[in-house]
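Undergrad: here's a sequence, model it:
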Amino acid sequence: MTNLISRMISHISSLLKGLQVKSFLTVVLVGFLMLATNVGYGDNDKALGERVREQVQQNDSQRPKTIGEWNKEARETEGSPGERLQKIGEESAEAFKQFGSGYVEGAQKTASDVGDSAAQTGKDISNKVRR
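TA: Sure thing, here's the model as predicted:
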């Protein structure tokens with residue numbers, strides 16, 4: 001009788017190992033979350049589009065912001081490649097200037113954050129040494 005019970009227990013445990021209960025429960029939980037989550041797709045897409053348009057229009061640069069504006073400018077200077085190249089050069093310089101200013105701001109913020117972290121680390125070390 002004891003032998004029968006021990007064989008049943010080993011059979012059940014091997015069956016549970018075969019099913020990989022943890023993976024199964026993970027799949028069930030993810031499936032439940034996917035089915036239970038209610039998302040309004042239409043409203044989010046419109047709001048995102050409006051926000052992106054506002055961000056694009058906030059930039060005061062004179063260079064084209066859309067492909068349509070770029071094509072319009074190309075048609076206006078179609079007969080004179082020199083003028084087109086000059087505009088492209090000016091717009092590229094403005095784009096690099098804007099990129100550079102964003103890079104400088106990001107680098108300054110990063111340097112400030114690194115300095116703050118270093119100061120905090122120094123305080124933490126001095127507190128541990130005092131103990």
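Undergrad: quick one: Phe24 from Lys17, how far?
TA: Distance check for Phe24 against Lys17: by C-beta to C-beta, to the nearest Å, it reads 12 Å. Any C-beta I mention is one placed from the backbone N, CA and C, and that applies to glycine too.
Undergrad: which intervals of the protein have sub-threshold pLDDT?
TA: 16, 18-22, 39-46, 55-61, 126-131 (pLDDT under 70).
Undergrad: swap in 80 and give it another go.
TA: 1-2, 4, 12-26, 37-66, 95, 97-109, 111-131 (pLDDT under 80).
Undergrad: in it, which helix is the longest?
TA: Counting residues, the longest helix in the chain under DSSP state H turns out to be helix 81-130.
Undergrad: buried residues in stretch 77-90?
TA: The neighbour-count check on stretch 77-90 (16 or more other C-beta atoms under 10 Å) flags Lys87 as buried.
Undergrad: just how off-centre is stretch 93-105 within its chain?
TA: 21 Å (C-alpha atoms, centre = their mean, to the nearest Å).
Undergrad: ok, now stretch 92-99?
TA: 24 Å.
Undergrad: export it as PDB, just CAs?
TA: In PDB, the C-alpha atoms belonging to stretch 92-99 read as follows (Å, rounded to 0.1, in the frame of the first residue of the first chain):
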ATOM      1  CA  SER A  92      21.300  72.100 -42.600                       C
ATOM      2  CA  ALA A  93      23.200  74.700 -40.600                       C
ATOM      3  CA  GLU A  94      20.100  75.600 -38.700                       C
ATOM      4  CA  ALA A  95      19.300  72.000 -38.000                       C
ATOM      5  CA  PHE A  96      22.800  71.300 -36.700                       C
ATOM      6  CA  LYS A  97      22.500  74.400 -34.600                       C
ATOM      7  CA  GLN A  98      19.300  73.200 -33.100                       C
ATOM      8  CA  PHE A  99      20.700  69.700 -32.600                       C
END
